[in-house]
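>>> Please find the sequence and the predicted model below.
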Amino acid sequence: MDLFFDIIFEGISIGSVLLIAALGLAIVFGLMGVINLAHGELIMVGSYSTFVTQLLFKQPFLKPFYGSYIIVSIFIAFIFSACVGILLERLIIRKLYGNPLETLLATWGVSLLLQQFVRGVPLAVGPGIIITFISGISIKNLLKDKFLNFAYKKYIDLSIWAFSVTLGILSTNFIASNISRLSRADSRNVDVTAPKWMRGPIDIFGETYPKTRLWIIFITLISVVAVLIFLNLSEWGLRIRAVTQNRSMSECLGLSSKKVDTLTFAIGSGLAGVAGVAVSLLGSVGPNVGQNYIVPCFMVVVLGGVGNLLGTVLASFGIGIMTDLIGAGRLMTIWPNMPESLANIVNFFATTSMARVMIFTLIIIFLQFKPSGLFPQKGRMVES
Amino acid sequence: MKLSKKYISYLWWAIALALFIAMPSLVSDSRLKILGKCLSLGIVALGIDLSWGFTGLLSLGQGIFFSLGGYAIAMFLQLNSLKEGIPEFFGLYGVRELPFFWEPFKSPLFTLIAIWLIPGLIAGLIGYLVFRNRIKGVYFSILTQAALLVFFNFFNGQQKLINGTNGLPTPNTILFGTMVGDPLIQKYFYYLSGILVILFYLFSKWLVSKRFGSILIGIRDDEPRIRFSGYNPVLFKTLIFAFAGCLAGISGALFTVQADLISPQYMRVPFSIEMVIWVAVGGRGTLLGAILGAFFIRLGESFVQGLIPGGWIFIQGGLFILVVTILPEGVIGWINNGGPRNLLTRFGVKRFIATYPSLEANKKEGI
């Protein structure tokens, strides 16, 4: 029975990291059909913003609240990644709707740029750019109603952006002068240490579990529930679902599909940022961290059935449990006296990298029988 | 007008050929190696152009077939340079016997066939399984990427079978009684790469000029229609993907002997996507563009990498975005579609017009 709980816990723990990483992709890829290979780098942005937040909270003026930095960083990571996502959508992906292969290549280019940005540019510049962006957009939107027909609109726009750029430069300067780690380019991995209340073991029913893992499961749970509530109960969720089901019909009914696209993409990217927080809790984070997650994320979404959140949840937990079963050699413990030839094969695959080989092969075989995943979209679709 | 255009293209070919033949006496041995590597990469780009540019199958797993070809030749060279026993690195992991799949690579004939047959068969198998289920478009790309990850993890993790992360080095192995790293042999490899690129280019050109090529283009543009016309798209897609795999294997083998090493590094995701960008920049569906794209981008990479380390990735990322958004048909495609002329007209240079201006303008500008 202990073994059973162990497997379930380990499986859910691996699966929840996969799930939180794939959740944003399930929205961007599943609902919008956009292939975003930069998703992994959005996760990286989330991780790095957690790191920056942590360093900020070590400063004297925020030191008393250090224990709560991880909660703040979830929101900051969400906002930062969402901003990067909005920029990405507005500047590149918008031009490429309907060309999935081209989107794939362009977003790969973006992912290379983002990786190299983190490696070669001081980290303090990142928050500066995002603060510029946020303040520019938000001031414009705040003033919009009052000055919509104002004659000097051009100059007002210009001054708003000038103000925002100054704000961005000032904040970059502020961060860089206070925290020396962020003031120069550094391609080494960074470490995020969880606050005290998140570390250490915890006893549940006589079993000890690492607390961080439980918190990651908790964050995943909250995110999934929040996404489900947002999509199914809120007004904008309704609009998103409408646009994804029938774009031209919703446009005819007066929905601005452009706005909906941007919002959907922003939420998907923001969730990648939250995943970044979870990933940074697991170990040290480098510019390449996204690369480890991008293909597994796509596999989770494809396996679960594109456009189906429940499928994504089940697929990621399934993959998690399978990984644990194969990778940790649990099959041997469950069935100690298996035939020797079988035992050899099981042993051969009982490492993390070989477990991956096995899992991906199994997924590819599975897709032979159910090409559109666990929960295929219903309806008779014209092949396009 | 038409005649002179033909002569100009002949002139280009003559210059390129003369340069190709004269190159070994013009540049140093190490530079020649780089040129040879770039040429051999043209072959894999040709395969990608056939499967992506003509048939619409964007494979992100071409690195599998590339590395398999490379491993085949490296295994042969490792065994060929031994008097007896097993390659040295096996000793590090306590392996006493040669793993069974190394055995056939003792024969040069088998290796010569395996270089293209094994990648081709595996490509055909992967392709058949995917196409049979009518999985296509981006799903195909993602699945090939997953397959790439499978192969990478396998080769990376198996120290005892294939020397894992370290890969198989080739320069100190012996071929025809000479070291492979020897400048003379490298020169032959350079010529071999160039000749094979040209041969495969001509073969591919011939292939797509036949009905086969029209069917491929038909599959790219409207697959259901091809199916309803009585052709089986699965067969054609599998064939062309397997052929692309063969080309990748040959390219990998040529690359390996000139790059001194084959390792799981070449099965990483970025390398396979990089191959796609060569074709995209050169011009997909132009064949020549693929080769030139691979050659010049790779050349530029080794050049920039020497000047500013790390700068190349910025350029590469920018290339991906620029090519897709601004120049979707690639450089050669742009030239073929009258791009330079359009550019000149935009700067006010008048175009020579044979018929009514409105007719010509609408046709050429493509508005």
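On my side now, so go ahead. Numbers count the residues shown, from 1 in each chain, chains lettered A, B, ... in the order given.
>>> And the strands in chain B?
B:168-169, B:174-175, B:178-179, B:261-262 (DSSP state E).
>>> Format these as TSV; extra columns: distance to A:Arg119, mean pLDDT and mean neighbour count.
The way it works is simple: take the backbone N, C-alpha and C, and place the C-beta from them, glycine included. Converted to TSV, the strands of chain B look like this (distance: least, Cβ to Cβ, whole Å; pLDDT from 0 to 100; neighbours: other Cβ atoms under 10 Å in any protein chain shown):
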stretch	distance to A:Arg119	mean pLDDT	mean neighbour count
strand B:168-169	29	81	20
strand B:174-175	40	75	16
strand B:178-179	38	75	14
strand B:261-262	25	85	23
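>>> Compare these and give me the one nearest A:Leu263.
When these are compared by Cβ to Cβ, strand B:261-262 sits nearest A:Leu263, at 47.1 Å.
>>> Centre of the chain to the closest one, how far?
Put simply, strand B:261-262 sits 17 Å off its chain's centre (Cα atoms, centre = their mean, to the nearest Å).
>>> hmm, back to that, the strands of chain B into TSV, with extra columns for distance to chain A?
Listed next are the strands of chain B as TSV, based on distance: least, Cβ to the nearest Cβ, whole Å:
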stretch	distance to chain A
strand B:168-169	19
strand B:174-175	32
strand B:178-179	34
strand B:261-262	19
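>>> Mind checking these for the one nearest to A:Ile71?
Judging the strands of chain B by Cβ to Cβ, what sits closest to A:Ile71 is strand B:261-262, at 48.2 Å.
>>> now the residue nearest in space to the middle of chain A, nearest residue through space, not along the chain?
By Cα atoms, centre = their mean, chain A has its centre lying nearest to A:Ala272, at 1.4 Å. Spatial nearest neighbour of A:Ala272, excluding adjacent residues (Cβ to Cβ, 6 or more residues apart in numbering or on different chains): A:Leu42 at 3.7 Å.
>>> Wasn't that neighbour part of a helix?
Yes. Counting by DSSP: H, G, I helix; E, B strand; the rest coil, A:Leu42 is found in a helix.
>>> Quick check, it in contact with A:Ser81.
Yes. Applying Cβ atoms under 8 Å as the test, A:Leu42 and A:Ser81 come out as touching, 4.7 Å apart.
>>> any common contacting residues for these two?
Applying Cβ atoms under 8 Å, 6 or more residues apart in numbering or on different chains, one finds that A:Leu42 and A:Ser81 are jointly contacted by A:269, A:272-273, A:276.
>>> and chain A, which residues reach chain B?
By the rule Cβ under 8 Å from any Cβ of the partner chain, the part of chain A lying against chain B is A:35, A:92, A:95-96, A:100-106, A:108-113, A:115-116, A:119-120, A:291, A:294-295, A:298-299, A:302, A:351, A:353-354, A:356-357, A:360-361, A:363-364, A:367-368, A:371, A:383.
>>> Can you flag the buried ones in those?
A:35, A:92, A:96, A:100-106, A:108-113, A:115-116, A:119-120, A:291, A:294-295, A:298-299, A:302, A:351, A:353-354, A:356-357, A:360, A:363-364, A:367 (16 or more other Cβ atoms under 10 Å in any protein chain shown).
>>> show me the contacts for whichever residue of chain B sits closest to chain A.
Residue nearest to chain A within chain B: B:Phe320 (2.5 Å; Cβ to the nearest Cβ). Going by Cβ under 8 Å, 6+ apart, B:Phe320 touches A:105-106, A:108-110, A:112, B:277, B:280.
>>> ok, 10 Å please
Contact analysis of B:Phe320 by Cβ atoms under 10 Å, 6 or more residues apart in numbering or on different chains lists A:37, A:92, A:102, A:104-113, B:273-274, B:276-277, B:280-281.
>>> Which of those residues fall in helices?
A:102, A:104-113, B:273-274, B:276-277, B:280-281 (DSSP state H).
>>> Name the nearest residue to the residue of chain A found nearest chain B, sequence neighbours excluded.
Residue of chain A nearest chain B, by Cβ to the nearest Cβ: A:Gly109 (2.5 Å). Excluding its sequence neighbours, the residue lying closest to A:Gly109 (Cβ to Cβ, 6+ apart) is B:Phe320, at 2.5 Å.
>>> With B:Asn163 instead?
B:Phe89 (4.9 Å).
>>> Thought B:Leu82 was touching that neighbour, still the case?
No. The pair B:Phe89 / B:Leu82 is not scored as a contact, 12.0 Å apart, by Cβ atoms under 10 Å.
>>> ok, these two, which is more surrounded?
Neighbour tally, B:Phe89 and B:Leu82, criterion other Cβ atoms under 10 Å in any protein chain shown: the higher count belongs to B:Phe89, 18 against 15.
>>> ok, now how distant is the closest residue to B:Leu168 other than its chain neighbours from B:Ile115?
Excluding the flanking residues, the one nearest B:Leu168 by Cβ to Cβ, 6+ apart is B:Ala74, at 3.9 Å. Distance, B:Ala74 to B:Ile115, using Cβ to Cβ, to the nearest Å: 11 Å.
>>> Also B:Val304?
31 Å.
>>> between these two, which one's more packed in?
B:Ile115 (25 against 17).
>>> so what's the more buried one up against?
Per Cβ under 10 Å, 6+ apart, neighbours of B:Ile115: B:68-73, B:76, B:246, B:249-254, B:256.
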